[in-house]
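>>> Here is the input, now give the coordinates:
(chains A and B)
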Amino acid sequence: MSDTTQQSSANALRALVICPDPQPDVPALSRRLPLVLTPFLGKTVLDHALTFLASEGVRDVRLLCSDRPDVIRAAVGGGEEWGVKVEVHAEKRELTVAEALAKHGNPVDAAPHAFVLDRLPQMPGAPLWDDYEGWMRAMLELLPVAGLDRVGSREMSPGVIVGLRSRISPTARLIGPCWVGANAFVGPKATLGPNTVVGDGAYIEGEALVERSVVGPDTYVGAMTEVRNSFAWGRQLLNLLNGSCIEISDRFLLHDLKPDLSIPGRMT
Amino acid sequence: MKTNIQGTTLTVAGIAELSATSSTTFRDETRAALTAAVTTLDIDLSLTTFVDSSGLGSLIALHKTMAGRGGALRIIKPTPTVVQILELTRLHRILEIVS
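Numbering: from 1, shown residues only, chains lettered A, B, ... in the order given. Next up is the predicted model:
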């Protein structure tokens, strides 16, 4: 996978975004959805990238996808949510930047902004898919500013951001940096943080402990459980330190609140 | 499942899974293998790929059995996935784990 970002024109209005194939060092992140649809602070990685490109004036984005392009197409539609025209092109394999430019660049126009979505364009120094720790580090890097532009998000205390309609028990402890999405629930005497992200619609039962971890959207975390250095999404529990990944069979410990597998949404 | 007694230690090994279908047999056979001389029960989980709440329940029951007779239960070389479920349920704070 190339880590090169090419900006051939400072004012490029077109972008070619290469959506990476499943990566050998982070296989669990692409089990449920293509890598670019991985939950990332209340959105998907692709959503963050499109939001940034739109803010930079890009108006035409071509997504080059070899892993489940139909799923990506369903997630982004025509790009109306970002005010950007988005087209999804199915490729047989992950293209390099040079191959993408040769195949999809238009020599008449200014050369497009072309890059592999192996890092967010707003955070070029933070690779996403080198290892699980890198994915977590990138999320924590974006955490202080992510979500503050979402409707109803508020900073409850220094470093603790909570989304719209989320209910936090008065006896729960939230230790920053900590980010809780919209419509989440945190039960009595639960402890979240530091360095913790809880996705939209997640339900953290009483006395659970979540530390240096990510709880995916619409995920139930059972009472008195302990989630450390992990990514819990639905029934899947991934240890971010050693890559060990299991499916929890007991629903009272960990499970999907939306088992039909919704794509992490956006609420801006 | 294999059991072996050496001195005062009973070792139970060869456990592929501890689930609703196997945990009762595991618990009962382990208890049956306990002699009066056994003070340490080593459960070797190095080959175990699946543990659910029933399996955890059998481990707790055996832990209680050993504590009741003044002995101890140890989890030997659990696989990373077993460690995950032990940590999720906080049983790693109760059961002794030997890596």
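
>>> Now do stretch A:114-134, average pLDDT.
Taken as a whole, stretch A:114-134 has a mean pLDDT of 94.

>>> Can you give me the end-to-end span of it?
22 Å (Cα to Cα, to the nearest Å).

>>> chain center to that stretch, what's the gap?
Computed by Cα atoms, centre = their mean, to the nearest Å, the chain-centroid distance of stretch A:114-134 equals 11 Å.

>>> Go through it and flag the buried ones.
Under the neighbour-count criterion of 16 or more other Cβ atoms under 10 Å in any protein chain shown, stretch A:114-134 has A:114-121, A:126-132, A:134 buried. Every C-beta, even on glycine, is put in place using the N, C-alpha and C of the backbone.

>>> cool, and stretch B:75-92?
Within stretch B:75-92, judged by 16+ other Cβ under 10 Å, the buried ones are B:75-79, B:81-89, B:91-92.

>>> Specify which member of the residues you listed is nearest to B:S53.
B:T89 (8.0 Å; Cβ to Cβ).

>>> on that earlier part again, the buried residues of stretch B:75-92 also near chain A: which ones?
B:T81, B:V83, B:Q84, B:I85, B:E87, B:L88, B:T89 (Cβ under 8 Å from any Cβ of the partner chain).

>>> Which residues are in contact with A:A100?
A:L16, A:I18, A:L64, A:A114 (Cβ atoms under 8 Å, 6 or more residues apart in numbering or on different chains).

>>> Please tell me how far the residue most central in space within chain A sits from chain B.
Nearest to the geometric centre of chain A sits A:F40, at 2.2 Å (Cα atoms, centre = their mean). A:F40 sits 23 Å away from chain B, going by Cβ to the nearest Cβ, to the nearest Å.

>>> Need phi/psi at that residue.
phi -150, psi 90 (degrees, to the nearest 10).

>>> now B:T30
Dihedral angles (degrees, to the nearest 10) for B:T30: phi -70, psi -40.

>>> Over to A:A74?
phi -70, psi -30.

>>> Just the helices from the chain, written as ranges.
Unless you meant another one, I'm taking chain A. Under the criterion DSSP state H, helices of chain A are mapped to A:45-55, A:69-76, A:97-104, A:132-142.

>>> let's do chain B instead
For chain B, the helices defined by DSSP H occupy B:23-33, B:53-68, B:80-88.

>>> what's the most buried one of the ones you listed?
helix B:80-88 (a mean of 21; mean count of other Cβ atoms under 10 Å in any protein chain shown).

>>> Tell me how many other residues crowd the nearest residue to A:A90 once chain neighbours are set aside.
Excluding the flanking residues, the one nearest A:A90 by Cβ to Cβ, 6 or more residues apart in numbering or on different chains is A:P69, at 4.1 Å. Neighbours of A:P69 under the rule other Cβ atoms under 10 Å in any protein chain shown: 17.

>>> Does A:P69 touch A:E87 like I think?
No. With contacts counted by Cβ atoms under 8 Å, A:P69 stays clear of A:E87, the gap being 10.8 Å.

>>> So for the two, which residues contact both of them?
Joint contacts of A:P69 and A:E87 (Cβ under 8 Å, 6+ apart) are A:L63.

>>> Let me see the contact set for the residue of chain B found nearest chain A.
Per Cβ to the nearest Cβ, B:P80 is where chain B lies closest to chain A, at 3.5 Å. Neighbour list for B:P80: A:N239, A:N242, A:S244 [criterion: Cβ under 8 Å, 6+ apart].

>>> neighbours of the last one, just the number please.
It stands for A:S244. A:S244 has 17 neighbouring residues, counting by other Cβ under 10 Å.

>>> By mean pLDDT, show me the worst of the helices of chain A.
helix A:97-104 - the lowest mean pLDDT of these, at a mean of 90.

>>> So what's the gap between it and the chain middle?
With Cα atoms, centre = their mean, you get 26 Å for helix A:97-104.

>>> any idea which of the helices of chain A is most buried?
helix A:45-55 (a mean of 22).

>>> and that helix, how far out from the chain's middle?
That offset, for helix A:45-55, works out to 11 Å (Cα atoms, centre = their mean).

>>> can you list contacts of that helix?
With Cβ under 8 Å, 6+ apart, helix A:45-55 has contacts from A:15, A:17, A:19, A:35-38, A:40-41, A:43, A:61, A:63, A:72, A:75-76, A:79, A:82-84, A:86, A:113, A:117, A:120-122, A:128, A:142, A:264, A:266, A:268.

>>> if we go to 6 Å?
The contact list for helix A:45-55, computed with Cβ atoms under 6 Å, 6 or more residues apart in numbering or on different chains, reads A:A15, A:V36, A:T38, A:F40, A:W82, A:G83, A:V84, A:L117, A:L120, A:P121, A:Q122, A:R266.

>>> just stretch A:77-88 next, same as before
Taking Cβ under 6 Å, 6+ apart as the rule, stretch A:77-88 contacts A:L50, A:A54, A:R59, A:D60, A:V61, A:R62, A:L63, A:C65, A:P69, A:I72, A:R73, A:V76.

>>> which residues touch A:A28?
Counted by Cβ under 6 Å, 6+ apart, A:A28 has contacts A:L238, A:C245.

>>> out of the contacts of helix A:45-55, who's nearest chain B?
Nearest to chain B among those, with distances taken as Cβ to the nearest Cβ, is A:T38, at 19.9 Å.

>>> Hmm, A:L29 and the closest one touching each other?
Yes. At 5.2 Å, A:T38 and A:L29 qualify as touching, with contact defined as Cβ atoms under 6 Å.

>>> And the residue of chain A that's closest to chain B?
A:S244 (3.5 Å).
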